[in-house]
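>>> based on what follows, work out the 3D shape:
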Amino acid sequence: MNRDEYRQQFEGAPPIDCAKMKHDIQGRIYEETKDMSWEQRREYIRKGSDESRRANEQRLMRCGELAVREDPVEYRTKEP
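The predicted structure is shown next:
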């Protein structure tokens with residue numbers, strides 16, 4: 001697959017505003033945690049970490065291996 005074919009896969013997809021997404025997520029987390037004590041925030045973070053770990057384990061069980069994204073060959077640097 002060449003670079004143009006790779007990019008064509010995404011034609012018509014809406015653009016992603018990463019900075020806006022980051023600010024939206026940070027705002028949501030702030031609203032959820034602004035009135036929490038230090039211990040409650042620590043538990044909030046621990047709970048999120050545990051949920052993320054469980055989701056990764058479930059993905060691993062479904063796939064049988066971790067999915068690793070590989071860059072198309074032409075994006076890799078050539079060895080000397």
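
>>> lowest-pLDDT helix or strand in this protein?
Within the chain, no helix or strand scores below helix 3-8, which has a mean of 84 by mean pLDDT, DSSP states H and E.

>>> could you dump the following helix or strand past that one to PDB, C-alpha only?
Downstream of helix 3-8, the next assigned helix or strand under DSSP states H and E is helix 18-33. Taking Å, rounded to 0.1, in the frame of the first residue of the first chain, the C-alpha atoms of helix 18-33 are listed here in PDB:
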ATOM      1  CA  CYS A  18      -7.000  16.900  19.200                       C
ATOM      2  CA  ALA A  19      -6.500  20.100  21.200                       C
ATOM      3  CA  LYS A  20     -10.300  20.600  21.600                       C
ATOM      4  CA  MET A  21     -10.700  16.900  22.500                       C
ATOM      5  CA  LYS A  22      -8.000  17.200  25.200                       C
ATOM      6  CA  HIS A  23      -9.500  20.300  26.600                       C
ATOM      7  CA  ASP A  24     -13.000  18.800  26.700                       C
ATOM      8  CA  ILE A  25     -11.700  15.700  28.500                       C
ATOM      9  CA  GLN A  26      -9.700  17.800  31.000                       C
ATOM     10  CA  GLY A  27     -12.800  19.900  31.600                       C
ATOM     11  CA  ARG A  28     -15.000  16.900  32.300                       C
ATOM     12  CA  ILE A  29     -12.400  15.400  34.700                       C
ATOM     13  CA  TYR A  30     -12.100  18.800  36.400                       C
ATOM     14  CA  GLU A  31     -15.900  19.000  36.900                       C
ATOM     15  CA  GLU A  32     -16.000  15.400  38.300                       C
ATOM     16  CA  THR A  33     -13.100  16.000  40.700                       C
END
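
>>> identify the residues contacting helix 18-33?
Outside helix 18-33, the residues that touch it by C-beta atoms under 8 Å, 6 or more residues apart in numbering are 40-41, 44. No exception for glycine: its C-beta is placed from N, CA and C like everyone else's.

>>> export those to a markdown table and tack on secondary structure, distance to Asp4 and neighbour count?
Below are these laid out as a markdown table (DSSP: H, G, I helix; E, B strand; the rest coil; distance: C-beta to C-beta, whole Å; neighbours: other C-beta atoms under 10 Å):
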| residue | secondary structure | distance to Asp4 | neighbour count |
| --- | --- | --- | --- |
| Gln40 | helix | 51 | 11 |
| Arg41 | helix | 47 | 14 |
| Tyr44 | helix | 45 | 14 |
